[in-house]
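Novice: the following comprises the amino acid sequence and a computationally predicted model.
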Amino acid sequence: NFISLAISMYNINKNVPQAGQIVLAEGMDVIKAVSNALKDNKITQAEKNAIVAEIQQFSKATIKMLDSIKIPK
């Protein structure tokens, strides 16, 4: 599964503009934070704060990317 994920991420990243790559990286950071927090089946306040911070960064990057898209009239 890891190799498949790595190949998929490579294929996505090679065809995505810079703003999209930032959004993908932030999304991966959210996944990592959640995965790390759930390793012991408990979420501490510090882990919760880390997850929230990652989600906020992901949200900001996504909004910035969406705002940069020009829709033709």
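Specialist: Nice, I can see it. Residues are numbered from 1 along each chain as shown.
Novice: what's downstream of the helix or strand containing residue 20, the next helix or strand?
Specialist: Using DSSP states H and E, residue 20 sits in helix 18-37. Once the chain leaves helix 18-37, the next helix or strand it forms, by DSSP H and E, is helix 45-68.
Novice: now that following helix, how far from the centre of its chain.
Specialist: On the basis of C-alpha atoms, centre = their mean, to the nearest Å, helix 45-68 sits 8 Å off its chain's mean C-alpha point.
Novice: pull the CA atoms of the lowest-mean-pLDDT helix or strand in the chain into PDB?
Specialist: In the chain, the helix or strand scored least confidently by mean pLDDT, DSSP states H and E is helix 2-14, which has a mean of 75. Once non-C-alpha atoms are left out, helix 2-14 reads as follows in PDB (Å, rounded to 0.1, in the frame of the first residue of the first chain):
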ATOM      1  CA  PHE A   2       2.800   2.400   0.800                       C
ATOM      2  CA  ILE A   3       4.400   2.000  -2.600                       C
ATOM      3  CA  SER A   4       1.100   2.500  -4.300                       C
ATOM      4  CA  LEU A   5       0.500   5.600  -2.300                       C
ATOM      5  CA  ALA A   6       4.000   6.900  -3.100                       C
ATOM      6  CA  ILE A   7       3.500   6.300  -6.800                       C
ATOM      7  CA  SER A   8       0.100   8.000  -6.700                       C
ATOM      8  CA  MET A   9       1.500  11.000  -4.900                       C
ATOM      9  CA  TYR A  10       4.300  11.300  -7.400                       C
ATOM     10  CA  ASN A  11       1.900  11.200 -10.400                       C
ATOM     11  CA  ILE A  12      -0.400  13.700  -8.800                       C
ATOM     12  CA  ASN A  13       2.500  16.100  -7.900                       C
ATOM     13  CA  LYS A  14       4.100  16.100 -11.300                       C
END
